[in-house]
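A.B. asks: I need the structure of the sequence given here:
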Amino acid sequence: MAEANGSAYQLFIDGAEIPASRGERATLTDPATGEPIADLAIGGREDARHAMEAAERAFRESGWAAEDGSARARTLRRLADLLEAEAESIARLETRNMGKPLRESRGDLQYVVRTLEYVGGLADKIQGETIPVPGPRLAYTLREPLGVTVHIAPWNYPLLLAVRSVAPALAAGNAVVLKPASLTPLTAIAFARLAHRAGIPKGILNVVVGPGKSVGEALALDPRCRSISFTGSGEIGLRIAEIAAQRVIPVTLELGGKSPVIVFPDADLDRAAKGIGHGIFGNAGQMCWAASRLIVHESVHAPLLEKLRAIADATKLGPGLEDGIEMGPLVSADQAVRVLEYVRSAVSDGGVLVAGGDRPAEPRLAHGHFVRPTVLDQVPGESRAVREEIFGPVLSVVSFKEIEDAIRIANDTRYGLFAAMWTKDLATAHTVSRRLEAGMVSINEAPNTFPQTPFGGFKESGIGFEQGTKVLESYTRRKNVIVNVAIPRKKAGA
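C.D. replies: Residues are numbered from 1 along each chain as shown. Next comes the predicted model:
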């Protein structure tokens, strides 16, 4: 149903697929081969306004917000079922558009299905509270949908990270306008088609593709926007936060990370090496939670480094639809150039190249945006490769002697999204996890998350959390109601 084969993709507004108002279009190519895969409508400010108008009208008139939560839950479960039935074709579409191996896209689709199921289960559990107050009064709170919510999604997990915020907004009764990344919008459009089939009213879910400078800003600045969820770069996130502050509306920001992984001397090195490799080479390192900084005890530094070199060298690169592929290309030529520049910078700063650091030599990969899995040792702490988010398959390694050094190095970053550690010592695991400045900590596995667990970070990694049992609070507002229930006394003689 959804697989790209040169198909034309439109904007999805008010329950219909329509061309961009100015007729602008772009050709999307497979990042692994350079082959054209889709012809895409590119919207502008007028299309953003059209989507916001449709969403506002649907919020007021469709009955979605007033519907019982159990009815919205059933609709989201139908959507989950439709998505699961189409999972293979949509996973293949994701792979061709973004480049990741098909097995990873399949995993992403299952995560999306589980997210819809989980959030659907919360839709009929939106509750207020009663509050004791003086006198003959009843005080209680209501939780109501916000109205029109705007969701700006990134290109690295195109559907997963879009649905992560869209699903709870819908479950709470809001109308949604989604702007997927212009590089990877195809599965978002396919998702909107399925949502319409599942029974979500027209105008409740809209998808507008276009540049962030025009479409993204127009959506955020629109007076009908009552909340913004943004996942992407810190620079753009700061602009979104500025707009939200000016408009006095809530915002959720997930702005990336530079996640540390600490390996203690008692760790199972085989498991640790495998987990670290997955945490930095998965999705070609294009993950906000990528385990990009390895902090390893000096006593196990050499053997762990050798295991990681072997993993990097053995990783099979190629187009994601091929069998056995372990790592696909980067999403674009610009991204590949950017990653390689960081590697050169790290070596120039004194880092030692242990593995990778260049493009693969196979002629069949020449037309794709491939970079070999890279391991860099002894990279100085002030190097750009250590301080900045690379968003590629590049691991920097440093050793430590004392536990205090490991914690200091781990926290020496402006980010605070994920952290991980490998140890068999339960006391060490719990003590260090409390001292790490990160919103999420994994112990004895690569950075991991589930729809049931909150996802968010500290410091410059963002504001607010997605996922988890409290996620619908981000997409509802609290109203307090006080009722005087005193019974009027009858006048004497009446």
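A.B. asks: Show me what counts as buried in the host helix or strand of Leu109.
C.D. replies: Here Leu109, judged by DSSP states H and E, is contained in helix 102-120. Neighbour counts over helix 102-120 (16 or more other C-beta atoms under 10 Å) mark 102, 104-106, 108-109, 111-113, 115-120 as buried. Placement of C-beta: from N, CA and C, glycine included.
A.B. asks: Nearest to Val343 among these?
C.D. replies: Using C-beta to C-beta, the shortest approach to Val343 within these belongs to Glu104, at 23.0 Å.
A.B. asks: I figured the closest one hits Phe281, correct?
C.D. replies: No - applying C-beta atoms under 8 Å, one finds Glu104 not in contact with Phe281, separated by 11.0 Å.
A.B. asks: need the helices for the stretch 1-150 of the chain, in chain order.
C.D. replies: Assigned helices in the stretch 1-150 of the chain, in chain order: 45-61, 69-85, 87-98, 102-120 (criterion: DSSP state H, counting those that start in this stretch).
A.B. asks: Please enumerate the strands of the stretch 301-450 of the chain.
C.D. replies: Ranges of strands within the stretch 301-450 of the chain are 352-355, 374-377, 394-400, 415-416, 418-422, 440-443, based on DSSP state E, counting those that start in this stretch.
A.B. asks: Output the ones you listed in CSV; the columns should cover distance to Arg384 and mean pLDDT.
C.D. replies: Output for the strands of the stretch 301-450 of the chain, formatted as CSV (distance: least, C-beta to C-beta, whole Å; pLDDT from 0 to 100):
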stretch, distance to Arg384, mean pLDDT
strand 352-355, 16, 99
strand 374-377, 12, 99
strand 394-400, 10, 98
strand 415-416, 14, 98
strand 418-422, 20, 98
strand 440-443, 25, 98
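A.B. asks: Save those as TSV, and put in distance to Thr315 and mean neighbour count too.
C.D. replies: What follows is these, written out as TSV (distance: least, C-beta to C-beta, whole Å; neighbours: other C-beta atoms under 10 Å):
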stretch	distance to Thr315	mean neighbour count
strand 352-355	9	17
strand 374-377	11	26
strand 394-400	12	24
strand 415-416	26	24
strand 418-422	20	28
strand 440-443	21	20
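A.B. asks: I'd like the ones you listed as a markdown table, with distance to Phe455 appended.
C.D. replies: Shown next, in a markdown table, are those (distance: least, C-beta to C-beta, whole Å):
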| stretch | distance to Phe455 |
| --- | --- |
| strand 352-355 | 30 |
| strand 374-377 | 27 |
| strand 394-400 | 23 |
| strand 415-416 | 13 |
| strand 418-422 | 9 |
| strand 440-443 | 7 |
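A.B. asks: and Gly128, which of the ones you listed is closest to it?
C.D. replies: strand 440-443 (29.4 Å).
A.B. asks: if I've got this straight, Val296 is in a strand?
C.D. replies: Yes - counting by DSSP: H, G, I helix; E, B strand; the rest coil, Val296 falls inside a strand.
A.B. asks: residues in contact with it?
C.D. replies: Residues near Val296 by C-beta atoms under 8 Å, 6 or more residues apart in numbering: Ile262, Val263, Leu304, Leu305, Val397, Val398, Ser399, Phe400.
A.B. asks: State the pair within those that is farthest apart.
C.D. replies: Ile262 and Leu305 (15.0 Å).
A.B. asks: More neighbours: those two, which one.
C.D. replies: Ile262 (24 against 21; other C-beta atoms under 10 Å).
A.B. asks: Packing partners of the lowest-mean-pLDDT helix or strand in the chain?
C.D. replies: Least confident helix or strand of the chain, by mean pLDDT, DSSP states H and E, is strand 7-9 with a mean of 93. Judged by 3 or more C-beta pairs under 8 Å, 6 or more residues apart in numbering; DSSP states H and E, strand 7-9 is in contact with strand 36-41.
A.B. asks: so what does the strand it packs on touch, helix or strand wise?
C.D. replies: Packed against strand 36-41 by the contact rule (3+ C-beta pairs under 8 Å, 6+ apart) you find strand 7-9, strand 25-29, helix 87-98, helix 186-198.
A.B. asks: Go again with 6 Å.
C.D. replies: On a contact count with 3 or more C-beta pairs under 6 Å, 6 or more residues apart in numbering; DSSP states H and E, strand 36-41 meets strand 7-9, strand 25-29.
A.B. asks: Tabulate the ones you listed in CSV, adding columns for distance to Thr449.
C.D. replies: Formatted as CSV, these follow (distance: least, C-beta to C-beta, whole Å):
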stretch, distance to Thr449
strand 7-9, 29
strand 25-29, 28
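A.B. asks: CSV please, covering the ones you listed and showing mean neighbour count.
C.D. replies: Output for the helices and strands packed on strand 36-41, formatted as CSV (neighbours: other C-beta atoms under 10 Å):
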stretch, mean neighbour count
strand 7-9, 15
strand 25-29, 16
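A.B. asks: To Leu186, which of the ones you listed lies closest?
C.D. replies: strand 7-9 (6.1 Å).
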